[in-house]
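Asks: From the sequence below, what's the structure:
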Amino acid sequence: MSTTINTPTPKAELAAQAVADNALSDFIQETLALTRRLFIQLQRRPTTLVAGIIQPLMWLILFGALFQNAPAGLFEESQNYLQFLGAGVIVFTAFAGALNAGLPIMFDREFGFLNRLLVAPLSSRFSIVLASTIYIVSLSFLQTAVIMAAGTVMGAGLPGLAGLGAIALFLFFLILGVTGLSLGLAFALPGHVELIAAIFVTNLPLLFASTALAPLSFMPGWLQVVASLNPLSYAIEPIRYLYLHDSWSLSSIVMEAPFADISFGAALLVLVVFAMAALALIQPLLRRRFA
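Replies: Coordinates of the predicted model:
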């Protein structure tokens, strides 16, 4: 009795490779088209971009003026409060932009455009999510760049090129995680009213329960613990360290939390884990919605 083993022929392998290449090409094309649509919407209604710049800019101006006469060195190693505040406002700008990531998806749901996309012959429906992510990351970085430029003009200073690259890395993982959670809410909540309410309820409490406006040493014990568990603090403190120090390394201590000293590398690891956990958390929801 003989056993026949079927091995794929070279032609079959080439055909399978061609199908895979076409699927990838279609996925990229779909993602770019959906991303372009979002930027066209932004061009027609630039209020989203402008509002995301005005609010943190007002925080920078008003809070900077409020504490401008504070003694030098009162806020850790910063020479003035504006230098201390700059990192907090930068992270707040990125966070607020990412928190609004679910709104375009929610409005597409309510106006029926999302349903039309879901029945369209897309190579992958995850191109919808990827396009929204690319759009929000780009928008958040643009808004953050404007705030950083404004802070530089106002006297907050600016890190070197390596420092700017590190800032971009920290902001990327924070934006990625918050964007994932916002997109998850957009698919889970019934309408835009509920989503906007969730954004408003989350926005300021997370800001105040971080080290954006005051160092940990100014806070009561319970708030120190809360701020040390807040992902925003793990982006704020390394960025603040980059603004205040010319030299840094992954082992540099950027935050003295109640439970441990947090190094530069540990803070980055926390944000990477936060982003990956947020994306993993919404996977079942996306699969159920896109099924």
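
Asks: low-confidence ranges in the stretch 51-200 of the chain?
Replies: Where the stretch 51-200 of the chain drops to pLDDT under 70, the residues are 70-74, 76-79.

Asks: got the residue ranges for the strands in it?
Replies: In the stretch 51-200 of the chain, no segments count as strands under DSSP state E, counting those that start in this stretch.

Asks: show me where the stretch 101-250 of the chain has helices.
Replies: 102-111, 113-119, 126-154, 161-188, 192-208, 221-229, 231-244 (DSSP state H, counting those that start in this stretch).

Asks: Roughly how far does Ala156 sit from Met148?
Replies: Note on Ala156: its distance to Met148, by C-beta to C-beta, to the nearest Å, is 8 Å. To be clear about C-beta, it is placed using only N, CA and C from the backbone, and glycine gets the same treatment.

Asks: Ala277 now?
Replies: From Ala277 to Met148 the distance is 28 Å (C-beta to C-beta).

Asks: So which of the two has more stuff around it?
Replies: Met148 (22 against 12; other C-beta atoms under 10 Å).

Asks: how close does the nearest residue to Leu183 once chain neighbours are set aside sit to Ile147?
Replies: Among residues not flanking Leu183 along the chain, Gly102 sits closest, at 5.2 Å (C-beta to C-beta, 6 or more residues apart in numbering). As for Gly102, its distance to Ile147 is 22 Å (criterion: C-beta to C-beta).

Asks: Please apply the same query to Leu49.
Replies: 12 Å.

Asks: So which of those two has more stuff around it?
Replies: When Leu49 and Ile147 are compared for neighbours, Ile147 comes out ahead with 24 against 16, by other C-beta under 10 Å.

Asks: for the host helix or strand of Ala275, packing partners?
Replies: In the assignment (DSSP states H and E), Ala275 maps to helix 264-290. Where contact means 3 or more C-beta pairs under 8 Å, 6 or more residues apart in numbering; DSSP states H and E, helix 264-290 is packed against helix 126-154, helix 161-188, helix 231-244, strand 253-256.

Asks: Please tell me how far the second one is from the chain's geometric centre.
Replies: If you compare the mean C-alpha spot of helix 161-188 with that of the full chain, they lie 2 Å apart, counting by C-alpha atoms, centre = their mean, to the nearest Å.

Asks: now the angle between helix 231-244 and it, please.
Replies: 160 degrees (axes from the mean of the first three to the mean of the last three C-alpha atoms, to 10 degrees).

Asks: which outside residues touch stretch 128-146?
Replies: Stretch 128-146 is contacted from outside by 30-35, 37-39, 42, 48-49, 52-53, 56-57, 90, 93-94, 97-98, 100-101, 104-105, 114, 117, 122, 168, 171-172, 175-176, 179-180, 183, 286, using C-beta atoms under 8 Å, 6 or more residues apart in numbering.

Asks: So among these, which ones count as buried?
Replies: 30-31, 34-35, 38, 42, 49, 52-53, 56-57, 90, 93-94, 97-98, 100-101, 104-105, 114, 122, 171-172, 175-176, 179-180, 183, 286 (16 or more other C-beta atoms under 10 Å).

Asks: Spell out for me which residue occupies the centre of the protein.
Replies: Centroid-nearest residue in the chain, with C-alpha atoms, centre = their mean: Ile175, separated by 0.6 Å.

Asks: can you pull the contacts of the closest residue to that residue other than its chain neighbours?
Replies: In space, Ile175 comes closest to Ala98 once its chain neighbours are excluded; the distance is 4.4 Å by C-beta to C-beta, 6+ apart. Ala98 makes contact with Ile136, Val137, Ser140, Leu174, Ile175, Leu176, Gly177, Val178, Thr179, Ser182 under the criterion C-beta under 8 Å, 6+ apart.

Asks: Out of the residues you listed, flag the one nearest to Met219.
Replies: Met219 lies nearest to Leu174 out of those, by C-beta to C-beta, at 21.0 Å.

Asks: Please tell me I have it right and the closest one contacts Phe92.
Replies: No - assessed by C-beta atoms under 8 Å, Leu174 is found out of contact with Phe92, at 10.6 Å.

Asks: any shared contact partners between these two?
Replies: With C-beta under 8 Å, 6+ apart, Leu174 and Phe92 have common neighbours Leu232.

Asks: May I have the phi/psi pair for Met219?
Replies: phi -100, psi 150 (degrees, to the nearest 10).

Asks: ok, Leu174 and Phe92, which is more surrounded?
Replies: Phe92 (27 against 23).

Asks: thinking again about what came up before, against Pro284, how distant is the residue nearest to the centre of the chain?
Replies: 22 Å.

Asks: ditto for Ile147
Replies: When Ile147 is compared with Pro284 (using C-beta to C-beta), they lie 35 Å apart.
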